[in-house]
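>>> need coordinates for the below:
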Amino acid sequence: MEKFGVVSRSRTHKSLLGMEVSRSKTVPVWALLSLLTNAVLIVTVAQLIGRGNNLTESFPASAALTPESTEELIRSPTATNSAKAVADLPPAGPRHKWSYQQWVTQLGREAEAAATNRPPKLSVLAGDSLSMWFPTKLLPPDRIWLNQGISGETSVGLLKRLQLFDRTLPDTVFVMIGINDLLRGASDEGILNNQRQIIRDLRWAHPKAQVVVQSILPHSGEQSTWENRDRLLAIPNSRIRAINRRLKEIASSENASYLDLQPLFADADGNLPTQLSTDGLHLNERGYLVWRSALQMFSQMQLKN
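Numbering: from 1, shown residues only. This is a model prediction of the structure:
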């Protein structure tokens with residue numbers, strides 16, 4: 001097995017392994033809605049890029065589980081012993097200096113708090129730094145968010161720690177993972193196999209939840225200023241687009257939803273616009289506003305269907 005090959009948890013997926021999804025020969029309504037939504041979102045992107053710096057003033061505050069709110073939940077009278085047992089971990093200190101394992105521990109605490117005092121309409125963000133740094137104030141405010149992103153995360157790492165939020169009973173799980181696999185030299189097959197296993201694991205653990213796989217975002221190419229720019233330029237955006245096309249097929253075959261962010265985060269050359277990024281890889285506030293709009297439109301489409 002290659003370094004970034006499939007890593008499986010101690011679970012069976014008998015109900016999913018043989019799943020087949022029938023395909024209609026006529027154009028489905030959701031496809032037409034998807035085209036319309038993409039058009040609306042592209043207009044939204046143009047408007048966001050053209051606006052000033054104070055982009056968040058007109059957006060209502062969002063609700064998300066934070067370290068502070070986690071402490072309140074753990075201290076609440078209804079908190080279980082398991083929630084209280086992790087109350088003093090990881091050790092205090094600057095969060096940006098935490099090790100990977102310290103972040104795993106912290107996310108476990110936050111997931112345990114959510115499971116103990118389950119909020120209504122809970123959605124999970126699972127992924128890497130792109131998800132991790134999603135500003136709480138910019139997340140759609142119509143639900144409670146549990147952020148399970150870790151900087152530098154790969155599909156292998158995410159697959160291993162999905163069990164952290166097994167008990168949270170979310171309504172929706174949004175997954176974005178893969179760019180760090182590419183930066184570390186993973187093969188397309190390894191990434192896609194892990195993505196498939198992630199979907200199966202989530203559907204096994206959360207049979208009533210909607211699992212939403214999001215496309216891997218492009219980078220800014222030659223305009224990138226990220227510290228490891230050479231590694232980024234070694235990954236053509238055409239390769240990312242090809243992986244996303246196959247990822248969409250996998251999501252369909254595994255009965256998961258697919259959110260295609262490519263039209264919103266790619267310019268005419270297929271690169272991430274610098275107006276939406278801090279360094280050609282990560283998003284700035286405008287980039288997160290675009291992502292927020294995509295999440296909101298996606299939710300509206302699901303309600304209509």
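>>> from now on I want contacts and neighbour counts done on CA atoms only, so please keep to that.
OK.
>>> where's the spatially closest residue to Lys208 that is not a sequence neighbour relative to Arg203, distance?
Setting aside the residues directly before and after it, Lys208 is nearest to Asp171 in space (Cα to Cα, 6 or more residues apart in numbering), at 7.2 Å. Applying Cα to Cα, to the nearest Å, the value for Asp171 to Arg203 is 12 Å.
>>> cool, and Met297?
With Cα to Cα as the criterion, Met297 and Arg203 are 23 Å apart.
>>> looking at the two, which is more packed in?
Applying other Cα atoms under 10 Å to Met297 and Arg203 shows that Arg203 carries more neighbours, namely 21 against 17.
>>> where does the nearest residue to Ile179 once chain neighbours are set aside fall, phi/psi-wise?
Spatial nearest neighbour of Ile179, chain neighbours left out: Ile216 (6.6 Å); criterion: Cα to Cα, 6+ apart. Note on Ile216: backbone dihedrals following degrees, to the nearest 10 are phi -70, psi 130.
>>> alpha carbons only: can I get the helix or strand encompassing Arg200 in PDB?
Take DSSP states H and E as the rule and Arg200 turns out to sit in helix 188-205. The C-alpha trace of helix 188-205 is given here as PDB (Å, rounded to 0.1, in the frame of the first residue of the first chain):
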ATOM      1  CA  ASP A 188      -4.700  10.600  -7.800                       C
ATOM      2  CA  GLU A 189      -5.900   7.000  -7.100                       C
ATOM      3  CA  GLY A 190      -4.700   7.200  -3.500                       C
ATOM      4  CA  ILE A 191      -6.600  10.500  -2.900                       C
ATOM      5  CA  LEU A 192      -9.800   9.200  -4.600                       C
ATOM      6  CA  ASN A 193      -9.700   5.900  -2.800                       C
ATOM      7  CA  ASN A 194      -9.400   7.700   0.500                       C
ATOM      8  CA  GLN A 195     -12.200  10.100  -0.500                       C
ATOM      9  CA  ARG A 196     -14.500   7.100  -1.200                       C
ATOM     10  CA  GLN A 197     -13.600   5.500   2.100                       C
ATOM     11  CA  ILE A 198     -14.300   8.800   3.900                       C
ATOM     12  CA  ILE A 199     -17.800   9.000   2.300                       C
ATOM     13  CA  ARG A 200     -18.500   5.400   3.200                       C
ATOM     14  CA  ASP A 201     -17.400   5.900   6.800                       C
ATOM     15  CA  LEU A 202     -19.500   9.000   7.200                       C
ATOM     16  CA  ARG A 203     -22.600   7.300   5.800                       C
ATOM     17  CA  TRP A 204     -22.000   4.400   8.100                       C
ATOM     18  CA  ALA A 205     -21.600   6.500  11.200                       C
END
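>>> mean confidence for it?
What helix 188-205 shows for mean pLDDT is 98.
>>> ok, Leu138 touching Arg292?
Yes. Using Cα atoms under 8 Å, Leu138 is in contact with Arg292, at 6.6 Å.
>>> the more surrounded of the two?
Legend: neighbour count by other Cα under 10 Å for Leu138 and Arg292, higher for Leu138 (21 against 17).
>>> what pLDDT is listed against the more buried one?
For Leu138, the model assigns a pLDDT of 96.
>>> what of Ser123?
For Ser123, pLDDT reads 97.
>>> joint contacts of Asp171 and Arg203?
Here Asp171 and Arg203 share the contacting residues Ala209, scored by Cα atoms under 8 Å, 6 or more residues apart in numbering.
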